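Engineer: okay, structure incoming, though there's no sequence with it:
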């Protein structure tokens, strides 16, 4: 067999040459591999973005979908409403507005008829000469009474024939307003009848007597109930006839 024998001097030379050989081998390996230099970035510059760089996508939590009207059982037809009911409401509103305006206008000749009433009644006591009112006073009072009657029933027409809305229950001031109509309504029928009877008696030179003598009391009661019905729904009165609706 072949046996290697080294002398001490040879071992010392080999120990000195071995590091140089390894270093040369490492240099040759590094030279064969390309080296890339990456510039160091500090923490502040690493957080900055380029101006044209797109913003990073942000993830948002998933939102729950709200229930639709169909999910709640409301159909599209119900949302559109009933055109017939809407037309009924509009017609009722317009007629009641006319009723309110005519009602306030009616109060003017009614009050004037009450004021001129004493001037149209005969004066005198039993056993004394009766002082018959002049024809001018009688005619003026009768004209005021006739105007009041026409305006009153025109006002009542717009209230009675206004379209009714199903399911609406009247209460409060409206109920009081309609309850008072059972007083001034019959009163407006009796007052002109009794007035015509009293007028005929005075034209014959007689003092008003019998049921015709209740003409004044019925007229006053009618006027008071009528005024109370206005106050029940219009206090404080703020209606402006010139105000555009």
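Structural biologist: That came through fine. A quick note: this is a predicted structure, and the numbers were derived from the prediction, not measured. Numbers count the residues shown, from 1 in each chain.
Engineer: and the longest helix anywhere in the chain, what other elements does it pack with?
Structural biologist: Ranked by residue count and defined by DSSP state H, the top helix of the chain is helix 83-116. When contacts are defined as 3 or more Cβ pairs under 8 Å, 6 or more residues apart in numbering; DSSP states H and E, helix 83-116 packs onto helix 135-160, helix 215-234. The way it works is simple: take the backbone N, C-alpha and C, and place the C-beta from them, glycine included.
Engineer: what do you get if the cut-off is 6 Å, keeping everything else the same?
Structural biologist: Applying 3 or more Cβ pairs under 6 Å, 6 or more residues apart in numbering; DSSP states H and E, one finds that helix 83-116 contacts helix 135-160.
Engineer: can you give me the mean pLDDT across the helix it packs on?
Structural biologist: Predicted confidence along helix 135-160 averages 91 (mean pLDDT).
Engineer: does anything pack onto whichever helix or strand comes after it? Which helices or strands?
Structural biologist: For helix 135-160, the following helix or strand on the C-terminal side (DSSP states H and E) is helix 173-203. Under the contact criterion of 3+ Cβ pairs under 6 Å, 6+ apart, helix 173-203 touches helix 135-160, helix 215-234.
Engineer: mind listing what's buried along helix 173-203?
Structural biologist: Buried residues in helix 173-203, counted by 16 or more other Cβ atoms under 10 Å: 176-177, 180-181, 183-185, 187-188, 190-192, 194-195, 197-199, 201-202.
Engineer: could you do stretch 163-176 as well?
Structural biologist: Neighbour counts over stretch 163-176 (16+ other Cβ under 10 Å) mark residue 176 as buried.
Engineer: separation between residue 203 and residue 115?
Structural biologist: For residue 203, the distance to residue 115 equals 22 Å [Cβ to Cβ, to the nearest Å].
Engineer: what's the weakest-modelled helix or strand in this protein?
Structural biologist: helix 43-47 (a mean of 47; mean pLDDT, DSSP states H and E).
Engineer: reformat the helices and strands packed on helix 173-203 as a markdown table; add distance to residue 119 and mean neighbour count.
Structural biologist: Formatted as a markdown table, those follow (distance: least, Cβ to Cβ, whole Å; neighbours: other Cβ atoms under 10 Å):
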| stretch | distance to residue 119 | mean neighbour count |
| --- | --- | --- |
| helix 135-160 | 5 | 17 |
| helix 215-234 | 12 | 18 |
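Engineer: dump the ones you listed into a markdown table; add distance to residue 86 as well.
Structural biologist: Listed next are these as a markdown table, based on distance: least, Cβ to Cβ, whole Å:
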| stretch | distance to residue 86 |
| --- | --- |
| helix 135-160 | 20 |
| helix 215-234 | 24 |
